[in-house]
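Trainee: build me a model:
(one chain, ligands or ions: 2)
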Amino acid sequence: MVGQEYLKPTLTITAEDLTEKAKSFVKNCGACAVGITTVETLEGGPPSTNLEYVLPGAKSAVTFAMPLDQDKIRDYLAKEDRDAHQVNYNDTNTLATGVASQLASFFEECGFDSVGVQANQVYRNDGESVPWEYRPDISHRLLAVRGGVGWFGLSGNVLTAEYGANVNLCTMVTTAELAPTDPLPPEENYCDCTSMECMAACPSGFLRDAKRERITVTMGGQSFSYGKRTSYDRCIYVCAGFTGLHPSGRWSTWSPGRFPIPKQDEDLKAGASKRAYKAWKQRPYMDGHTLQAPLLFAATGRDVQLSCGGCMLVCTPDKAERARRLKTLQSSGVVIQHPDGTMEAMSPQQAQHYLGGLDDETRALYEPEDPEIYKDMEIMGGDDQR
Ligand code: SF4
Ligand code: SF4
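Mentor: Ligands and ions are numbered 1, 2, ... in the order given. Alright, predicted model coming up:
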């Protein structure tokens, strides 16, 4: 078939054209913020800002933020509906990955090698890193702050001007030489690091040093900082759902696990994680959908389900709304799981009563069989968190 003459490429596409196309493309697909970084603006950054890791000859990257549904987040934090947020989170991730892939395809058709980087769950597996070290091919977060998608918050999450941290990030890397965008003005960052809702929303202690110590990253001569995080194992212990009861005992995440959270990372790694993991593996799935996490699936044959994410979900630009969300999370009780997997939020006292009525084998799915095992560990208690 002979192509129609007037549809054959005749334009000389400029860097400006492509830059504007990249921005309008992702916004047309629902992105709330977009930024562009280049090899120059990322120079001197950590290995996860090396664009050539995913595409030899790469010159630029387009990073964008897809917003999550605010109503579903509020219902999730109130422990009224877990699954609606799970589904929205899955869909938003899949959409973001698809948009990055489609944008890469568009650029390929325009004559530039390009690749979409998955929104998450992809980790380096090379001579220097194994996937369990959780080093991403490309750090969407770092590219996002350098390119002006958002600011770092105290939590280390990327905060967008419109939706705060309630976004999923994704990136397309290309050999096209796009025009870089500037970081957002630091003085407009709504996080003044004093209210610390993210720390208060975190049962694990992952952010406990965030207020005292900062991590600074320099890219292309500009520095960005966020609060220091502890071991990722600490976040995984809670975020994967092994346990969910806050050290105060007054509230929980969506996880029905009630295992102690050691203060020392070594105790967490050496014993506590394994015990809580064993119980988690035998529990029924929570009712509703799952997340596709290949590392955990390959190791356990199980899918993970969203149960936490509090640090990200409480963080909205409006200070009063942040306070409301934190209060909702902390005042919506603790969850228990029924034998068919369904979840129910209730007061801590009612939950104790419910667990007390379970047979030993079922109860061991949620609480330590032998609390004595933890007696030599320092355990996080009510004073560790606000
Ligand atoms: S929750 Fe508060 S302190 Fe934490 S990153 Fe957001 S605005 Fe900053
Ligand atoms: S996801 Fe949960 S456990 Fe992990 S840092 Fe955020 S609040 Fe803490």
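Trainee: mind telling me what element residue 362 is part of?
Mentor: Element membership of residue 362 [criterion: DSSP states H and E] is helix 360-363.
Trainee: can I get that helix as PDB, trimmed to CA atoms?
Mentor: Output of helix 360-363 as PDB, limited to C-alpha atoms (Å, rounded to 0.1, in the frame of the first residue of the first chain):
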ATOM      1  CA  ASP A 360      -4.100 -20.900  70.000                       C
ATOM      2  CA  GLU A 361      -3.300 -21.800  66.500                       C
ATOM      3  CA  THR A 362      -5.500 -19.000  65.000                       C
ATOM      4  CA  ARG A 363      -4.300 -16.500  67.500                       C
END
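Trainee: how about that helix: buried residues?
Mentor: Under the neighbour-count criterion of 16 or more other CB atoms under 10 Å, helix 360-363 has residue 363 buried. Every residue, glycine included, has its C-beta placed from N, CA and C.
Trainee: show residues contacting that helix.
Mentor: With contacts defined as CB atoms under 8 Å, 6 or more residues apart in numbering, helix 360-363 is touched by 339, 355, 369.
Trainee: which ones among the residues you listed lie within strands?
Mentor: Counting by DSSP state E, none of the members of these fall within strands.
Trainee: of those residues, which is the nearest to ligand 2?
Mentor: Ligand 2 lies nearest to residue 355 out of these, by CB to the nearest ligand atom, at 22.1 Å.
Trainee: and the gap between the closest residue to that closest one other than its chain neighbours and residue 240?
Mentor: In space, and not counting its chain neighbours, residue 355 is closest to residue 363: 5.8 Å by CB to CB, 6 or more residues apart in numbering. Here residue 363 is placed at a distance of 21 Å from residue 240 (CB to CB, to the nearest Å).
Trainee: now swap in residue 317 and tell me
Mentor: As for residue 317, its distance to residue 240 is 29 Å (criterion: CB to CB).
Trainee: also residue 365?
Mentor: Taking CB to CB as the measure, residue 365 and residue 240 are separated by 15 Å.
Trainee: likewise residue 301?
Mentor: 14 Å.
Trainee: the more surrounded of the two?
Mentor: Legend: neighbour count by other CB atoms under 10 Å for residue 301 and residue 240, higher for residue 240 (25 against 8).
Trainee: so the more buried one touches residue 296, yeah?
Mentor: Yes - counting by CB atoms under 8 Å, residue 240 touches residue 296, with 6.8 Å between them.
Trainee: shared neighbours, these two?
Mentor: Counting by CB under 8 Å, 6+ apart, the residues touching both residue 240 and residue 296 are residue 304.
Trainee: tell me if whichever helix in the chain runs longest is near ligand 2.
Mentor: If you go by DSSP state H, the chain has its longest helix at helix 83-109. No - using CB under 6 Å from any ligand atom, helix 83-109 never reaches ligand 2; the gap is at least 12.2 Å.
Trainee: how about stretch 272-292?
Mentor: No - against ligand 2, stretch 272-292 shows no contacts by CB under 6 Å from any ligand atom, the least distance being 12.5 Å.
Trainee: for residue 267, give me its contacts.
Mentor: 377-378.
Trainee: secondary structure element for it, which one?
Mentor: Residue 267 is part of helix 265-267 when elements are defined by DSSP H and E.
Trainee: and the gap between residue 255 and ligand 2?
Mentor: Noted for residue 255: a distance of 10 Å to ligand 2, by CB to the nearest ligand atom, to the nearest Å.
Trainee: burial measure for that residue, as a count.
Mentor: Around residue 255 there are 30 other residues, counting by other CB under 10 Å.
Trainee: please name the residues that touch it.
Mentor: Residues in contact with residue 255 (CB under 8 Å, 6+ apart) are 238, 241-245, 307-308, 335.
Trainee: run the last query once more with 7 Å
Mentor: Contacts for residue 255 (CB atoms under 7 Å, 6 or more residues apart in numbering) come out as 241, 243-244, 307.
Trainee: ranking these by neighbours, who comes first?
Mentor: Neighbour counts for the contacts of residue 255 (other CB under 10 Å) peak at residue 243, which has 31 neighbours.
Trainee: what does the stretch 251-386 of the chain put close to ligand 2?
Mentor: Residues of the stretch 251-386 of the chain found near ligand 2 (CB under 6 Å from any ligand atom) are 308-311.
Trainee: show me where pLDDT drops low in this protein?
Mentor: 1-4, 6-10, 382-386 (pLDDT under 70).
Trainee: let's see 80
Mentor: 1-12, 132, 270-271, 371, 382-386 (pLDDT under 80).
Trainee: which residues of it lie near ligand 1?
Mentor: Near ligand 1, the residues belonging to the chain are 153-155, 191, 193, 195-198, 314-315, 322 when assessed by CB under 6 Å from any ligand atom.
Trainee: quick one: the helices in the stretch 151-300 of the chain, in order.
Mentor: Under the criterion DSSP state H, counting those that start in this stretch, the stretch 151-300 of the chain contains helices at 197-200, 232-239, 265-267, 273-282, 294-300.
Trainee: would you format those helices as TSV with distance to residue 86 included?
Mentor: Formatted as TSV, the helices of the stretch 151-300 of the chain follow (distance: least, CB to CB, whole Å):
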stretch	distance to residue 86
helix 197-200	21
helix 232-239	13
helix 265-267	29
helix 273-282	17
helix 294-300	15
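Trainee: tell me which of these sits nearest to residue 98.
Mentor: The closest of the helices of the stretch 151-300 of the chain to residue 98 is helix 294-300. By CB to CB, the value is 17.9 Å.
Trainee: please identify the buried residues of the closest one?
Mentor: residue 296.
Trainee: ok so, going back, can you tell me which of the residues of the stretch 251-386 of the chain next to ligand 2 is closest to residue 182?
Mentor: residue 311 (26.8 Å).
Trainee: would you confirm that the closest one contacts residue 201?
Mentor: Yes - here residue 311 reaches residue 201: they are 5.5 Å apart, a contact under CB atoms under 7 Å.
Trainee: and for residue 192, the neighbour number?
Mentor: 9.
Trainee: distance of residue 374 relative to residue 5?
Mentor: Residue 374 sits 77 Å away from residue 5, going by CB to CB.
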